[in-house]
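> Build the 3D model from these lines:
(one chain, ligands or ions: 1)
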Amino acid sequence: MTDTWTDRLSEYLDGELTDAERAALESHLASCRECVTRSPRLREVAARAAALMARPPADDLWPGIEPRLQSGANAVFPSARAPSRRFSFTLPQLAAAGIALMVMSGGGVWVLQHGGRATSAPASSRPIRLAPAPRVVSTR
Ligand SMILES: [Zn+2]
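Numbers count the residues shown, from 1 in each chain. Now for the predicted structure:
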């Protein structure tokens, strides 16, 4: 069971609450048994963590690592070179791409042959028939 102050106990222990929040939490601690039992545990955990962080590492590994890095970077990181991009396709993928190309080019030819006549624009290849010129007859 948690209440609104349970999650804020660590902020209280770290001194991150405002004065009003701290006063409200302290009055809550007088009545809430769960928070009272949690806060000493949190205080203990925080103290242990602080003690652990202050301890220096037992062995310094860097003097053994640094010369190996400087002797040959490629030996340490064999995949450090930029990988070349290579595409590969399976035979069914290539066959599907070929079929798709044939269908699209055939459809394009069909549209050019059949689809062009369906438009309402006048065809430029149709011969234009001119009306016969009026005949002028002289009677002199
Ligand atoms: Zn509580």
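
> C-alpha only now, for contacts and for neighbours.
Will do.

> What parts of the chain come near the ion?
Applying the criterion Cα under 5 Å from the ion, the portion of the chain that neighbours the ion consists of 32, 35.

> Find the residue at the geometric middle of the chain.
residue 85 (20.4 Å; Cα atoms, centre = their mean).

> So what's the residue count around residue 35?
The number of residues packed near residue 35 is 21, by other Cα atoms under 10 Å.

> Who are the contact partners of it?
Residue 35 is in contact with 5, 6, 9, 29, counting by Cα atoms under 8 Å, 6 or more residues apart in numbering.

> Restricted to strands, list the residues you listed.
When strands are assigned by DSSP state E, not one member of the contacts of residue 35 lies inside them.

> Between these, which sits nearest residue 39?
For the contacts of residue 35, the minimum distance to residue 39 (Cα to Cα) is 6.4 Å, reached by residue 9.

> could you list every residue that touches the closest one?
For residue 9, the contacting residues are 35, 39, 42, taking Cα under 8 Å, 6+ apart as the criterion.

> Does the last one touch residue 12 like I think?
No - contact status for residue 42 versus residue 12: not in contact, 10.3 Å apart, counting by Cα atoms under 8 Å.

> quick one, which of these two is more surrounded?
For residue 42 versus residue 12, neighbours defined as other Cα under 10 Å are more numerous around residue 12 (17 against 14).

> The nearest residue to the more buried one once chain neighbours are set aside: which element?
If you skip the residues right next to it in sequence, residue 12 has residue 22 as its closest partner in space, 6.7 Å away by Cα to Cα, 6 or more residues apart in numbering. When elements are defined using DSSP states H and E, residue 22 is found to belong to helix 19-29.

> Other residues contacting that helix?
Residues from elsewhere that reach helix 19-29, judged by Cα under 8 Å, 6+ apart: 5, 12, 35, 36.

> List the buried residues in the helix or strand just after it.
Using DSSP H and E, the helix or strand that directly follows helix 19-29 along the chain is helix 33-53. Residues of helix 33-53 classed as buried by neighbour count (16 or more other Cα atoms under 10 Å): 35, 36, 39.
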